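# Give the three-dimensional model of this entry:
(2 chains)
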Amino acid sequence: MPKIATWNVNSIKARLPNVLDWLKQAEPDVVLLQETKCQDEAFPHFEIEALGYHRAVHGQKSYNGVAILSKQPLEEVSQRLPGDEADAHARYLEATTFGVRVCCLYLPNGNPAPGEKYDYKLAWMARLAARAEQLRADERPVVMGGDYNVIPEPEDCHDPAAWAGDALFLPETRRAFRRLLWLGYTDAFRALHGEPHRYSFWDYQRGAWQADEGIRIDHLLLSPQATDRLSASGIDREVRGREKASDHVPVWCVLE
DNA sequence: ATGGTTGCCTCGCAA
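Down below sits the predicted model:
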């Protein structure tokens, strides 16, 4: 305990039946949601509270939006990733629950690269690394989870050549992700599963799901004190095959 | 074969 999951739901309103079904089935203690795509007052608080979850939300109209659900209260909530006061995107949320500092992040996609959007992605990743370093210095359990929009290694996609020029797989993107690992963080899925081609996202287009042409871009990065307690992790792949599915599926870990 | 799909909310943009 606790079981901590991350899921890019691609609109909490469009996905509500799927989200409620999965919460009842998977019974996570803490859930990091991305791309809620609604303002805070439009968040389905009533339905989710009915399943026993506290909420912290940081929404935005139409785009982005993050939320944290927890079976225990959420304390010391912060909605800002430090380092750029002018950044208005709702992409970050941090709170303490179950004695763990959890960070819910929706890292910028960055396409097309090169360009302004890619510059924003790299700047955002530098800010994230700075925050990761601060949190690690506290020597407490930290889980930084979310849609990283980073394919860490060639084996995390079907066809590396097809992704060669993409912002999700460019060498500079992967280097920025590895910087988080070098700071002492562990990829909770990869730590326990060595097999290649385990994905968390399949595009809606080109029959990507049917052909199993996906990518692994949703990650849970654990501080050393959290990694010490890591007992299980997984990807709830079958969720992608359901009616009205998100293009992402939940990724989870259990800390003893 | 530079296509195709989804969700937002306006008919284009982001993913």
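# could you measure the residue in the stretch 1-150 of chain A that DNA strand B sits nearest to against residue A:33, distance?
Closest residue of the stretch 1-150 of chain A to DNA strand B, C-beta to the nearest atom of the strand: residue A:11 (3.3 Å). Where C-beta positions appear, they are placed from N, C-alpha and C, glycine not excepted. Remark: distance between residue A:11 and residue A:33 (C-beta to C-beta, to the nearest Å) = 11 Å.
# So between those two, which is more surrounded?
residue A:33 (28 against 14; other C-beta atoms under 10 Å).
# In three-state terms, how would the more buried one be classified?
Here residue A:33 is recorded as strand under DSSP: H, G, I helix; E, B strand; the rest coil.
# Identify the bridge partners of it.
Residues in a beta bridge with residue A:33, per DSSP bridges, are residue A:7, residue A:67.
# list the contacts for it?
A:6, A:7, A:8, A:9, A:12, A:19, A:66, A:67, A:68, A:69, A:104 (C-beta atoms under 8 Å, 6 or more residues apart in numbering).
# now residue A:63
Per C-beta under 8 Å, 6+ apart, neighbours of residue A:63: A:37, A:89.
# Could you confirm it falls within a helix?
No - using three-state DSSP, the assignment for residue A:63 is coil, not a helix.
# From residue A:154, how far out is the most far-flung residue of chain A relative to its centre?
Distance from the C-alpha centroid of chain A, by C-alpha atoms, centre = their mean, peaks at residue A:161 (24.7 Å). Shown here: residue A:161 relative to residue A:154, a distance of 9 Å by C-beta to C-beta.
# give me the beta-bridge partners of the residue lying closest to residue A:79 once chain neighbours are set aside?
Using C-beta to C-beta, 6 or more residues apart in numbering and skipping residues adjacent in sequence, the residue nearest residue A:79 is residue A:58, 4.4 Å away. Beta bridges link residue A:58 to residue A:66, judged by DSSP bridges.
# Just give me the neighbour total for residue A:58.
Count around residue A:58 with other C-beta under 10 Å applied: 22.
# Check the one 3 residues further on too.
Per other C-beta under 10 Å, the neighbour tally for residue A:61 reads 11.
# Do I have it right that it meets residue A:39?
Yes - if you go by C-beta atoms under 8 Å, residue A:61 and residue A:39 touch, sitting 5.4 Å apart.
# quick one: the strands in the stretch 1-150 of chain A?
A:3-8, A:30-34, A:54-58, A:66-70, A:75-78, A:92-97, A:100-106, A:142-147 (DSSP state E, counting those that start in this stretch).
# how about the longest helix seen in chain A: buried residues?
Secondary structure assigned by DSSP state H gives helix A:116-137 as the longest helix of chain A. Going by neighbour count (16 or more other C-beta atoms under 10 Å), the buried part of helix A:116-137 is A:118, A:120-122, A:124-125, A:127-129, A:131-132, A:135-136.
# how about CSV for these, with distance to residue A:24 and pLDDT added?
Converted to CSV, the buried residues of helix A:116-137 look like this (distance: C-beta to C-beta, whole Å; pLDDT from 0 to 100):
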residue, distance to residue A:24, pLDDT
A:118, 40, 97
A:120, 37, 97
A:121, 35, 98
A:122, 39, 98
A:124, 34, 98
A:125, 35, 98
A:127, 36, 98
A:128, 32, 98
A:129, 36, 98
A:131, 33, 98
A:132, 33, 98
A:135, 32, 98
A:136, 35, 98
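# For residue A:177, which non-adjacent residue is spatially closest?
Take residue A:177 and drop its neighbours on the chain: the residue closest to it by C-beta to C-beta, 6+ apart is residue A:150, 4.5 Å away.
# ok, which residues in the stretch 51-200 of chain A are in contact with DNA strand B?
By the rule C-beta under 7 Å from any atom of the strand, the part of the stretch 51-200 of chain A lying against DNA strand B is A:61, A:62, A:63, A:64, A:108, A:109, A:111, A:117.
# Pull the contacting residues for the residue nearest to residue A:177.
Taking C-beta under 8 Å, 6+ apart as the test, what residue A:150 contacts is A:107, A:168, A:169, A:173, A:174, A:176, A:177, A:217, A:219.
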